[in-house]
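In: next come a sequence and a model predicted from it.
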Amino acid sequence: MEKVIRAGKVAVLVSYGYGAGWYSWNEDKRLLFHPKLVEMVEQQRNSEITKEWVLENLQIDNVYCGGVKDLHIEWIEEGTAFEVDEYDGFESLKTLNNLTLVA
């Protein structure tokens, strides 16, 4: 799977707006990492990411793009296990580091 890696960190796309998630509403891992998507978010071209664009450029069909306007890039250390949590469309990244252990 293609990813953007810089200084040992991987770019992960997360939608922080309420109403609609990005990955959590689609669940295709390419939507988390794809270099073309990362580039567009870096260039603040989120509005150009449409269902048609995703189908044409990534060959992913039936994508819901409601969360695209709130996409941000999180940089996490290579090899870090994570999951995308979602509440009412607001996504967040959870890693083992931000879980609480009970002794």
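Out: All right, it came through fine.

In: what sits opposite the residue positioned nearest the centre of the chain in the beta ladder?
Out: For the chain, the residue nearest the mean C-alpha position is Leu13 (2.5 Å; C-alpha atoms, centre = their mean). Leu13 has these beta-bridge partners by DSSP bridges: Ile73.

In: what about it, distance to Phe82?
Out: 12 Å (C-beta to C-beta, to the nearest Å). From N, CA and C alone the C-beta is placed, and that goes for glycine too.

In: ok, Trp25 touching Asp70?
Out: No - taking contacts as C-beta atoms under 8 Å, Trp25 lies outside contact range of Asp70: 12.0 Å.

In: show me where this structure has helices.
Out: Using DSSP state H, the helices of the chain run over 30-33, 35-42, 51-58.

In: out of those, which one sits most buried?
Out: helix 30-33 (a mean of 20; mean count of other C-beta atoms under 10 Å).

In: elements contacting that one?
Out: strand 9-15, helix 51-58 (3 or more C-beta pairs under 8 Å, 6 or more residues apart in numbering; DSSP states H and E).

In: need these in CSV (columns: mean pLDDT and distance to Glu78).
Out: As requested, those are arranged in CSV below (pLDDT from 0 to 100; distance: least, C-beta to C-beta, whole Å):
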stretch, mean pLDDT, distance to Glu78
strand 9-15, 97, 6
helix 51-58, 96, 22
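
In: reformat these as TSV; add distance to Gln44.
Out: Formatted as TSV, the helices and strands packed on helix 30-33 follow (distance: least, C-beta to C-beta, whole Å):
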stretch	distance to Gln44
strand 9-15	14
helix 51-58	15
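
In: so for Val38, which of these sits nearest?
Out: Across the helices and strands packed on helix 30-33, the minimum distance to Val38, taken as C-beta to C-beta, is reached by strand 9-15, at 4.6 Å.

In: which secondary structure elements does the closest one sit against?
Out: Using 3+ C-beta pairs under 8 Å, 6+ apart, strand 9-15 sits against helix 30-33, helix 35-42, strand 71-77, strand 90-95.

In: list the contacts of it.
Out: Contact partners of strand 9-15, identified using C-beta atoms under 8 Å, 6 or more residues apart in numbering, comprise 3-5, 21-24, 31-33, 37-38, 41, 67-68, 70-78, 80, 82, 84, 89-93.
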